[in-house]
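Asker: sequence plus the predicted model coming up.
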Amino acid sequence: MEWTFWMAPGLLAVSFVTALLIFPLDEEQVRLRTALNLGGATLKLILVGVMAWGILTGHEFEARLSFVGELELVLRLDYLSLLFIVLSAILWFLTTVYAVGYLEQSPHRSRFFGFFSLCVTATMGIALAGNLVTFFVFYELLTVVTYPLVVHRGTGEALEGGRVYLLYTLTGGTVLLLGIAWLHSLTGPVEFVTGGQLADLAVERPATLRLIFLLIVGGLGVKAAIFPLHGWLPIAMVAPAPVSALLHAVAVVKAGAFGIVRVIFDVYGIEVADGLGLLAPLSLAAAVTILYGSVRALAQDDLKRLLAFSTVSQISYVALGVSLLGPVATAGGLVHLLHQGMMKVTLFFCAGILSETLGIHRVSEMRGVGRRMPLTMAAFTVAGFGMIGVPPVAGFISKWYLGLGALEAGQEWVVPLLALSGALNATYFLPIIGAAWFRSPEADWAEFDGPETDWMLLFPALATALLSLAAGVMAGLPFSPLWLTSFAVTEIHGP
Amino acid sequence: MNTLLLLTAIILPAVVAPLVFGASRPALAVRALAPWAASPALLLALSPLGFPSIELPWVVAGVHFELDLIGRVFLIVTAALWTAAGVYASGYMDREGWRRFLFFFLLTMAGNLGLPIAGDAVSFYFFFALMTFAGYGLIVHAGDQAARRAGRVYLVLAVIGEAFLLAGLVLAVDATGSILVGAIPAGVARSPDVGAITACLMVGFAIKAGAVPLHVWLPLAHPVAPTPASAVLSGSMIKGGLLGWLRFFPLGEATLPEWGVFVVAMGIVAAFFGVVVGLVQTDAKTVLAYSSISQMGLINIGVGIALTAPDSVVPAIGAIMLYATHHGLAKGALFLGVGVAEARTRGPTSRRLILFGLGLPALAIAGAPLTSGAIAKQELKQLTPLLPDPWPHLLDWLLPLSAIATTLLMVRFLVLTQRRLTTDAGHRLVPLVWIPWAALVTAVAVLFWILPYRMPVLTSGTPHLPGPDALAAEVLPILAGVAAFVAVVRLRRRWAPAWIAPHIVPGDILAPVERALARLPRPDLVVERLASGGITGGMSGQIARRWYRIYSESARYDPLIRLELRLTRWAAGIGLLLLVTASLLFLLAWGS
């Protein structure tokens, strides 16, 4: 078989084998475990690099395996997958470094890192899935392997959070399965093909397709935290910081958003979805979520909870962008998959650093923390301004294209929405940033020599902050997120 | 060569900003030179080498830097003020907190200097945001209660402004199909949404420009900032909003008489409102802040005229720029002068010199003959016939009246400052402080003489020396203003009626607005209560909680749920893993 066959499964295998090797390790085998973790993450980066080069030079990566009956497991790299695997590979590498620094003193490390790697495996599978069944398999796998990470601390609160997480995601998964099964019963296996293959069915049975869309997107909407299905996300905040970072930036929430993107573009096709009148309600739901998340974030004092509500709000930019017709809005929505990932992971890294180093969990405790931890807060500031959408941070690019795309699609109402959302974001991020830099500290933090915290915590935060900045400043250059997105947009809307 | 200078002028302050925190020897050198960071921009603005431009299509959404005529005029004022204020700051500021001040000073400078050079909407928005948010650091620098409050009010309005700005610019760029500032006015004019775009841009920029009623942050923020920062806030940054209007309003492309008249009316209101509230202030810098509100009101009359009469947009923009140049330099000189007057001085001679140096820009602002203010007001007056009736007649009366009012305010300022001059406390007056101030005063003094030659585009004629009639028209309001001031002071001494000097706190209409807002429930807390109280919590909060309580209780009886709880344990994890592994391996083997 061709090497192109093995690349996609190989990408999954790297993380999977890492997990297998890590599980049996003793708690004390720190070096070996760290080497395996970082080795796996690095290898994955390289493989993703090769695949990115491959697809850009016209290679096709596809692996088909028969599954149950006529169903097949298909792993295939297209330009949408590319966005997701590039994001995952880079952020996973940095999160691994961060997690090693964050957790190396706590118990159950082998369990943690094992599931951590399984979580990557599932995410990669979601990214590369070439049909609905494959997508579903990995989507559910992700639910299951993330659970041990959420409850990792094992406290009552953590277990409760984990239970809510499972309750929501398993219910969502069931609804999703129902939708997928129904669709299969009508059409047979559903491949992901740009434009979808449901045009004929849409003429014959529009009502059924609408209902199926509701089931599928409703199921996916749980992980994508679309109001009112978002309830689990702020509760799952009990997870350790690297897990939260992952959940919000790459894995779970993104899996839901990515699924919605797939369903709209590659299952239904944007024209069919629009013809069935499915996009307007979705964009409305996204708009409500954007505002609701931000308004809830305003009242939060717990930093991670605030960030969780901010995610609820921000992730719906993706759904909003892809549910507005037109290439520019699509670009704005898709590029936010990457931009939101980089910025949110930075914020969670910083939140973790604050709690680990100074025991700060609340916004009200952050006064003057900029003096004690200038680099951490600099990273936080960059990401915060990015969330608000201030140029030249990446978030501005998303917003700008969303706004222009909405106007191109004749949806003027999105512009005031974006302006208002930016103002709300500013209303909860600026007081934090302002207090951190300009207020005098109230707590008596010990003086420090040398670096402000462990470099394994600081480096990932600084790296992602710089990435967020670079993604905005150099948006017009090759290999920027916007550039990567342009291929997917061309694939969807034509050149 | 000029392109290189252009790039240096923009980038230098932003690059130097983070370096000021260093402790190494080179960092010390950088810190010593950092206050001069605006000088390349000044060199660029004054260089006779044409109008350079740079295009960087790969940056953000495609960046165009371009120095056109409007940009050049604004850059002269901006760069001159920032250079003077920078040098002044290096002598004036305490060493305590100097590095942090310098950092925000340089970032704000970078934003402000970028505005005239920004050749596209995104760059303009970026520089505007940079100036706005970094400016917060200057306003709250003192760190006391007043500074924090001013910072809060500033930030709230700034965020509102940014939101309107984003909406306005997105709409404008979409209507134009281009981000270039040169193309946008025409694009906006063609758009069916011209009203909405104009409204968004008007509000977005009005906040920075201190237009009534969005001015409330200004009398709080301009005075609490350290004096060199006040000078650039009130002299130069305030013009950023004005420049935004000139760049993005459909001036010369569309006739918007309703908008034009509205802007004129609000300008007139501001011109008098600023004086009235300013007169009862007791702090010299607050008086100057209100004077800025009033003067910006006068400039906005020009903006309104440009919106009304597209055919005469060139002289209108000329008059606006002329007024902006004059006001920027004069107001900068006055603010810096407050710091000079507060310093400890050697004797009556230097005191007299300082008073003279304060009086000159004050006279210029009042529009005395042979000052830049006289030309500025004259140019503005020549435009008024372009307005629909009855505005020209009204303005024939109101403009001289406003000159009287302005004189009153300037006298009030001089009286307040003179009181400080006689107290012998404070820092020693060092050359780094008085030289940049004196340079600005000199610039104000010579502006009248060089303007017609250096900027022929800005002036309609060559108004070198006024004739007897014009002289009378310029002198009379000033005499009237001084007389009125003296009369009021006398009256007050005799009867001291309260209405002559009512107490209006800085921020005027802000206080009742804040009180009203405080009475309203906070929307986020209302939502929070609803969400946790069960109304929307049906989906998220309360009911979910109830659900998992039931769920966990049933775990005691339900073996399946007990199993799920065991997942948390190590053994279960391994078991799950093995299961997953086995199935995946099985599938792999089976499939290939």
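Answerer: Yep, that arrived. Numbers count the residues shown, from 1 in each chain, chains lettered A, B, ... in the order given.
Asker: so A:F459, which state does it fall into?
Answerer: Secondary structure of A:F459, reduced to three states by DSSP: H, G, I helix; E, B strand; the rest coil: helix.
Asker: ok, it to A:F93 distance?
Answerer: Taken as CB to CB, to the nearest Å, the spacing of A:F459 relative to A:F93 amounts to 11 Å. No exception for glycine: its C-beta is placed from N, CA and C like everyone else's.
Asker: who has more neighbours out of the two?
Answerer: Counted by other CB atoms under 10 Å in any protein chain shown, A:F459 and A:F93 do not tie: A:F93 has more neighbours, with 20 against 17.
Asker: give me the distance from the helix or strand encompassing B:L102 to the chain's centre.
Answerer: Counting by DSSP states H and E, the secondary-structure element that holds B:L102 is helix B:98-117. Its chain's C-alpha centre and that of helix B:98-117 lie 13 Å apart, by CA atoms, centre = their mean, to the nearest Å.
Asker: looking at chain A, which residue is nearest chain B?
Answerer: Of all residues in chain A, A:L65 sits closest to chain B, with a separation of 2.4 Å (CB to the nearest CB).
Asker: contact partners for the closest residue to A:A251 other than its chain neighbours?
Answerer: If you skip the residues right next to it in sequence, A:A251 has A:T123 as its closest partner in space, 5.1 Å away by CB to CB, 6 or more residues apart in numbering or on different chains. Taking CB atoms under 8 Å, 6 or more residues apart in numbering or on different chains as the criterion, A:T123 is in contact with A:84, A:88, A:138, A:142, A:250-251, A:254-255.
Asker: swap in 10 Å and give it another go.
Answerer: Neighbouring residues of A:T123 by CB atoms under 10 Å, 6 or more residues apart in numbering or on different chains: A:12, A:15, A:84-85, A:87-89, A:92, A:138-139, A:141-142, A:145-146, A:246, A:250-252, A:254-255, A:258.
Asker: and B:F413, by the same measure?
Answerer: Residues touching B:F413, when contacts are defined by CB under 10 Å, 6+ apart, comprise B:278-279, B:281, B:284-288, B:290-291, B:334, B:337-338, B:358, B:362, B:365.
Asker: which single one of those is nearest to B:I435?
Answerer: The shortest approach to B:I435 among the contacts of B:F413 belongs to B:G337, at 13.0 Å (CB to CB).
Asker: pLDDT (mean, whole number) over the helix or strand hosting that closest one?
Answerer: Secondary structure assigned from DSSP H and E places B:G337 in helix B:313-342. Averaged over helix B:313-342, pLDDT sits at 91.
Asker: and for B:L246, the neighbour number?
Answerer: If we define neighbours as other CB under 10 Å, then B:L246 has 24 of them.
Asker: does it really touch B:I317, like I thought?
Answerer: Yes: in this structure, B:L246 is within contact of B:I317 by CB atoms under 10 Å, at 6.2 Å.
Asker: got any ranges where the stretch 351-500 of chain B has weak pLDDT?
Answerer: Filtered on pLDDT under 70, the stretch 351-500 of chain B yields the residue ranges B:422-426, B:452-465, B:496-500.
Asker: all helices of it, in order?
Answerer: Under the criterion DSSP state H, counting those that start in this stretch, helices of the stretch 351-500 of chain B are mapped to B:372-383, B:391-422, B:431-454, B:468-495.
Asker: check which residues of the longest one are buried.
Answerer: By that I understand helix B:391-422. Using 16 or more other CB atoms under 10 Å in any protein chain shown as the test for burial, helix B:391-422 gives B:391, B:395, B:398-414, B:416-418, B:421.
Asker: and the last one, by the same measure?
Answerer: Taking 16+ other CB under 10 Å as the basis for neighbour counts, the residues of helix B:468-495 that come out buried are B:473-474, B:477-478, B:480-482, B:485, B:488.
Asker: what's the overlap in contacts for B:L246 and B:I317?
Answerer: The overlap between the contact sets of B:L246 and B:I317 (CB under 10 Å, 6+ apart) consists of B:70, B:302-303, B:306.
Asker: hmm, stretch A:144-158 touching chain B?
Answerer: Yes: counting by CB under 10 Å from any CB of the partner chain, contacts between stretch A:144-158 and chain B involve A:144-145, A:147-148, A:150-152, A:154, A:158.
Asker: state the pair within those residues that is farthest apart.
Answerer: It's A:V144 and A:G154 that sit farthest apart of the residues of stretch A:144-158 next to chain B, by CB to CB, at 17.7 Å.
Asker: neighbour count winner among the two?
Answerer: For A:V144 and A:G154, the more surrounded residue by other CB under 10 Å is A:V144, and the numbers stand at 20 against 14.
Asker: phi and psi next, for the more buried one.
Answerer: Torsion angles at A:V144 (phi, psi; degrees, to the nearest 10) stand at phi -70, psi -50.
Asker: same question for the one 4 residues further on.
Answerer: Backbone torsions for A:P148, taken as degrees, to the nearest 10, come to phi -60, psi -30.
Asker: what's downstream of the host helix or strand of A:I315, the next helix or strand?
Answerer: Under the criterion of DSSP H and E, A:I315 resides in helix A:303-323. Counting by DSSP H and E, the element after helix A:303-323 in chain order, helix or strand, is helix A:327-358.
Asker: quick one: is that next one near chain B?
Answerer: Yes: part of helix A:327-358 sits near chain B under the criterion CB under 10 Å from any CB, namely A:V328.
Asker: any idea which of the buried residues of helix B:468-495 is closest to B:H215?
Answerer: Distances from those to B:H215 were compared by CB to CB; the smallest belongs to B:G481, at 22.3 Å.
Asker: not counting its neighbours along the chain, what's nearest the closest one?
Answerer: Spatial nearest neighbour of B:G481, chain neighbours left out: B:T407 (2.5 Å); criterion: CB to CB, 6+ apart.
Asker: and for the residue nearest to B:S312 when sequence neighbours are not counted, the neighbour number?
Answerer: By the measure of CB to CB, 6+ apart, the closest residue to B:S312 outside its immediate chain neighbours is B:L386, 5.3 Å from it. Number of residues near B:L386 (other CB under 10 Å) recorded here: 19.
Asker: thanks again, I'm all set now.
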